[in-house]
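In: predicted model and sequence follow; I will ask about them next.
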Amino acid sequence: MTQIIALAAEPRDRAGKGTARTTRRAGRIPAVIYGNKEKPLMISLDYNGFWKLINKPGFFTHLYDITVDGTAHRVLARDLQLDPVTDRPIHADFLRVSDTTEITVKVPVEFANGDKSPGLKRGGVLNIVRHEIEVICRANSIPEKFVVDLETANLNESIHISAVALPENVRLTITDRDFTVATIAVPSGLRSEGADEAATAEG
């Protein structure tokens, strides 16, 4: 089950660029909670706490209980706007969810046992095709991550999504092919050595 993080927020009276700038000057991040057939709720979050939060893994896959005026809202982060110059957060969107809410979400991929991979030991290079895998699941069942085991991965080998174990009630958005998640590529040095050996053998 996905991690649930508690956040405290303050309500905002008005929307608009001017109000948002005032909020940011006060050291807070303007945000909105929407969805679940309820009125959008404009809020602001403490900048320093929010900055630490978005720099940790799983910002878009964790659930949040945002408390506003004593009421907790179970939400999922759906959008984060960054300043194009400084890359600092300037606005966030949160979607209300319930235990039955199904959502489409991108789950990060983690690679394990690279130190045991025969291909990597021989100088191969891990070529990551997908850093995230998009799935459909209930909001309270979002996987923290998908782990790809490289222990037996050899040179020139492709690792497909069929090698990744999906939790129950989690399904892929891509269902028409066994797509590639990563490959173990042969570095140019090894390719050159192989070509030289072949040429010597033919000679």
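Out: Arrived safely.
In: all strands of the protein, in order?
Out: 4-11, 28-35, 38-46, 63-68, 71-82, 89-96, 102-112, 125-128, 132-138, 146-149, 158-160, 171-172, 180-185 (DSSP state E).
In: among those, which is nearest Gly18?
Out: strand 28-35 (11.1 Å; C-beta to C-beta). In this view, the C-beta of every residue, glycine as well, is placed from N, C-alpha and C.
In: so which bits of the closest one are buried?
Out: Residues of strand 28-35 classed as buried: 28-33, 35 (neighbour count, 16 or more other C-beta atoms under 10 Å).
In: show me the domain layout of the protein.
Out: Domain segmentation of the chain under automatic domain parsing yields 4-97, 103-202.
In: let's have those domains in CSV, adding mean pLDDT.
Out: Formatted as CSV, those follow (pLDDT from 0 to 100):
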stretch, mean pLDDT
domain 4-97, 92
domain 103-202, 88
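In: can I get the buried residues of strand 28-35 in JSON lines with distance to Tyr64?
Out: Output for the buried residues of strand 28-35, formatted as JSON lines (distance: C-beta to C-beta, whole Å):
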{"residue": "Arg28", "distance to Tyr64": "16"}
{"residue": "Ile29", "distance to Tyr64": "13"}
{"residue": "Pro30", "distance to Tyr64": "16"}
{"residue": "Ala31", "distance to Tyr64": "11"}
{"residue": "Val32", "distance to Tyr64": "13"}
{"residue": "Ile33", "distance to Tyr64": "10"}
{"residue": "Gly35", "distance to Tyr64": "13"}
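In: from those, which is closest to Gly16?
Out: When the buried residues of strand 28-35 are compared against Gly16 (criterion: C-beta to C-beta), the nearest one is Pro30, at 9.7 Å.
In: which residues touch the closest one?
Out: Pro30 sits next to 12, 19-20, 23-24, 42-44, 90-92 when contact means C-beta atoms under 8 Å, 6 or more residues apart in numbering.
In: so who does Glu151 touch?
Out: 112-113, 116-117.
In: of the residues you listed, grab the buried ones for ChimeraX.
Out: Selection of buried members from the contacts of Glu151 for ChimeraX, criterion 16+ other C-beta under 10 Å:
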select :117
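In: between the buried residues of strand 28-35, which sits nearest Gly124?
Out: Ile29 (43.0 Å).
In: how near is Phe179 to Leu166?
Out: 13 Å (C-beta to C-beta, to the nearest Å).
In: please disregard the earlier target; I meant Ala182.
Out: Ala182 is 17 Å from Leu166, by C-beta to C-beta.
In: ok, Asn48 next?
Out: For Asn48, the distance to Leu166 - C-beta to C-beta - is 37 Å.
In: repeat for Ile4
Out: 22 Å.
In: close enough to count as contact, Thr97 and Arg78?
Out: Rather than Thr, residue 97 is Val. No - here Val97 does not reach Arg78: they are 10.0 Å apart, not a contact under C-beta atoms under 8 Å.
In: who's more crowded, these two?
Out: Val97 (22 against 15; other C-beta atoms under 10 Å).
In: enumerate every residue touching the more buried one.
Out: Val97 neighbours (C-beta under 8 Å, 6+ apart): 35-36, 63, 74-76, 103, 139-140.
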